[in-house]
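1. 3D, please:
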Amino acid sequence: MAKRERVMRMSVEQPLWRALAGYRVLTMVYAIGLFISAHDEVARPWVAIAYYAVLAVWTLATLPRVANAASCTKRFLAVDLTVALAGILLTRLAETPARIEAGAPTLPSIWTAGAVLAFAIKGGWRWAAFASTLVAAANLVHRSGVPTRDTVHMVLLVWIASIAIGYVVEVARASERTLARALEIEAATRERERLARDIHDSVLQVLAMVQRRGAVIGGEAAELGRMAGEQEVALRTLVSGGLVPVSRVSRDAAEGAVVVAVEEADDSAGPVDLRALLAPHAGAKVSLAEPGAPVVLSPAAARELAAAVGAALDNVRKHAGEDARAWILVEDEPDEVIVTVRDDGPGIPEGRLAQAEGEGRLGVALSIRGRLRDLGGSAELISVPGQGTEVELKVPKDSSASRGKAEQR
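-> Next comes the predicted model:
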């Protein structure tokens, strides 16, 4: 079946950059508004006007710089913080000592916090601590070493908030990498199980048959059977272990972790009648009982259910003997389709299924239960020694929707 590759990017960091860009614009407007409301009290308004002109041009021109982590370079952060620190120190030239002692705001006001937050989002809490410490030192110089209560409050608020945001960003990045790794492992496991089912239904069955027939014929055929048996064991080991891909991360850390998932393409055909797929299994030793009306399922669900029935019949022929009889019963319920496969063989000894799965024999674990699990259904096996085996397969009629939800998790 055709496949397509879906690339998913997970990032909780990108919204922070967008919020920072908006914060810088709003706080620039706020700082200019404070100056306009009290411009007649400023001792040297031309100093403030010159600084606000530079601040406005810098803020608007550098909006692309705070769009993501890749654009926000170390050089930009250094210049941005310099603009904030210069505004704090220039306040002593623009304002009178009386207004400074009375608690007049610095020229950049709360715009300074935006420069510190950029450090936090880019480099984490250590970068945030460095930038906020420089801001605190500039405020102490501005207040001549005697800060007011409001100054201490603002400095502590910026320091604590920036460090907290930086720490959260670091935790979020680690969580994204862990989640990306988990999703890749899950995708690899699902693909490995799908391949194991297909291999079990074809290659492993042929190798097992060659091994049995070679042992019966003897001679050179026995050697061929022995080699087939060795290859069967090696292939089962490979299928059971499988390979897990290496995690991938994007070059731009702001885009978060990158997960590439391979999914089956949507079926272009409409619903199919399950009876048509089960009919080839009927024969002299296999009886098929089905409803008179079509049993409609999605193409993927019908194929997987029919393959699970085929795997169950393979187990009957392999373990119950060539003379065993089997019966297939199809029930079309309002919400689900139930297919029961029953045989009159000797049954399965208690604990044999768990032992077979531990040995890498995945017929029931993957070819039957794995298929039904992927469809949102279930497979129940009931076996009593001496009374045969019964496998009940249930598939919900909205299995295609259930499968889609499972792949999106």
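
2. And the strand or helix carrying residue 53, what's buried?
-> Element membership of residue 53 [criterion: DSSP states H and E] is helix 45-61. Buried residues in helix 45-61, defined by neighbour count with 16 or more other C-beta atoms under 10 Å: 47-48, 51-52, 55, 59. C-beta here means a position set from N, CA and C on the backbone, and glycine is covered the same way.

3. same question, stretch 316-333
-> Quick answer for stretch 316-333 (16+ other C-beta under 10 Å): 316-317, 319-320, 324, 326-328, 330, 332.

4. Go ahead and flag the most central residue of this protein.
-> Geometric centre of the chain, nearest residue: residue 183, 4.2 Å, by C-alpha atoms, centre = their mean.

5. so what secondary structure elements neighbour the top helix by length along the chain?
-> Longest helix of the chain, by residue count under DSSP state H: helix 149-199. Judged by 3 or more C-beta pairs under 8 Å, 6 or more residues apart in numbering; DSSP states H and E, helix 149-199 is in contact with strand 3-10, helix 111-123, helix 125-142, helix 220-241, strand 248-249, strand 257-264, helix 369-374.

6. Helix 45-61 and the second one, what's the angle between them?
-> This means helix 111-123. In terms of direction (axes from the mean of the first three to the mean of the last three C-alpha atoms, to 10 degrees), helix 111-123 departs from helix 45-61 by 30 degrees.

7. from the buried residues of stretch 316-333, which is closest to residue 114?
-> Residue 114 lies nearest to residue 332 out of the buried residues of stretch 316-333, by C-beta to C-beta, at 64.1 Å.

8. In contact with the closest one, which residues?
-> 291, 293, 295 (C-beta atoms under 8 Å, 6 or more residues apart in numbering).

9. Which of the residues you listed has the largest number of neighbours?
-> Using other C-beta atoms under 10 Å as the neighbour criterion, residue 295 leads the contacts of residue 332 with 22 neighbours.

10. pretty sure that one contacts residue 274?
-> Yes: assessed by C-beta atoms under 8 Å, residue 295 is found in contact with residue 274 at 4.1 Å.

11. Now do the contacts for the closest residue to residue 126 other than its chain neighbours.
-> The spatial neighbour of residue 126 that comes closest, neighbours along the chain excluded (C-beta to C-beta, 6 or more residues apart in numbering), is residue 166 at 7.3 Å. Neighbour list for residue 166: 119-121, 123-129 [criterion: C-beta under 8 Å, 6+ apart].

12. between these, which is nearest residue 383?
-> Taking C-beta to C-beta as the measure, residue 383 lies nearest residue 124 of those, at 58.1 Å.

13. wait, isn't that closest one in contact with residue 169?
-> Yes: contact status for residue 124 versus residue 169: in contact at 6.1 Å, counting by C-beta under 8 Å.

14. Give me the distance between residue 162 and residue 326.
-> Distance of residue 162 to residue 326, given as C-beta to C-beta, to the nearest Å: 71 Å.

15. now do residue 48
-> Distance of residue 48 to residue 326, given as C-beta to C-beta: 92 Å.

16. Likewise for residue 214?
-> 27 Å.

17. ok, now residue 292?
-> According to C-beta to C-beta, residue 292 and residue 326 sit 22 Å apart.

18. Also residue 163?
-> The gap separating residue 163 from residue 326 is 69 Å, by C-beta to C-beta.

19. returning to what we had before: quick one: contacts of the helix or strand immediately after the longest helix of the chain in the chain?
-> Proceeding N to C from helix 149-199, the next assigned helix or strand is helix 205-217, under DSSP H and E. Here helix 205-217 makes contact (C-beta under 8 Å, 6+ apart) with 221-226, 228-229, 231-232, 235, 314, 318.

20. still on that earlier bit, out of the contacts of residue 166, which are buried?
-> The neighbour-count test (16+ other C-beta under 10 Å) applied to the contacts of residue 166 identifies 119-121, 123-125, 127-129 as buried.

21. Closest to residue 381 out of those?
-> Nearest member of those to residue 381, counting by C-beta to C-beta, is residue 124, at 52.9 Å.

22. Quick check: the farthest pair among the buried ones among the contacts of residue 166?
-> Pairwise over the buried ones among the contacts of residue 166, using C-beta to C-beta, the maximum falls at 121 and 129, 13.8 Å.

23. Could you give the number of residues near residue 170?
-> Neighbours of residue 170 under the rule other C-beta under 10 Å: 15.

24. what's near enough to touch the nearest residue to it once chain neighbours are set aside?
-> In this structure, residue 170 finds its nearest non-sequential neighbour in residue 124, 4.4 Å apart by C-beta to C-beta, 6+ apart. Listed by C-beta under 8 Å, 6+ apart, the contact partners of residue 124 are 166-167, 169-170.

25. now residue 124: how far from residue 114?
-> For residue 124, the distance to residue 114 (C-beta to C-beta) stands at 17 Å.

26. Checking residue 322 next. Helix, strand or coil?
-> Put simply, residue 322 is coil when judged by DSSP: H, G, I helix; E, B strand; the rest coil.

27. Kindly report the same for the one 5 residues further on.
-> Assigned by three-state DSSP, the conformation of residue 327 is strand.

28. Verify the stated contact: it with residue 341.
-> Yes: assessed by C-beta under 8 Å, residue 327 is found in contact with residue 341 at 7.5 Å.

29. And the buried residues of stretch 316-333, which is closest to residue 178?
-> Distances from residue 178 to these, taken by C-beta to C-beta, are shortest for residue 319, at 42.8 Å.

30. got a pLDDT number for the nearest residue to the closest one once chain neighbours are set aside?
-> Nearest non-adjacent residue to residue 319, counting by C-beta to C-beta, 6+ apart: residue 345, 6.6 Å away. Here, the pLDDT recorded for residue 345 equals 82.

31. Residue 345 touches residue 320, doesn't it?
-> Yes: here residue 345 reaches residue 320: they are 2.6 Å apart, a contact under C-beta under 8 Å.

32. shared neighbours of these two, which are they?
-> Here residue 345 and residue 320 share the contacting residues 388-389, scored by C-beta under 8 Å, 6+ apart.
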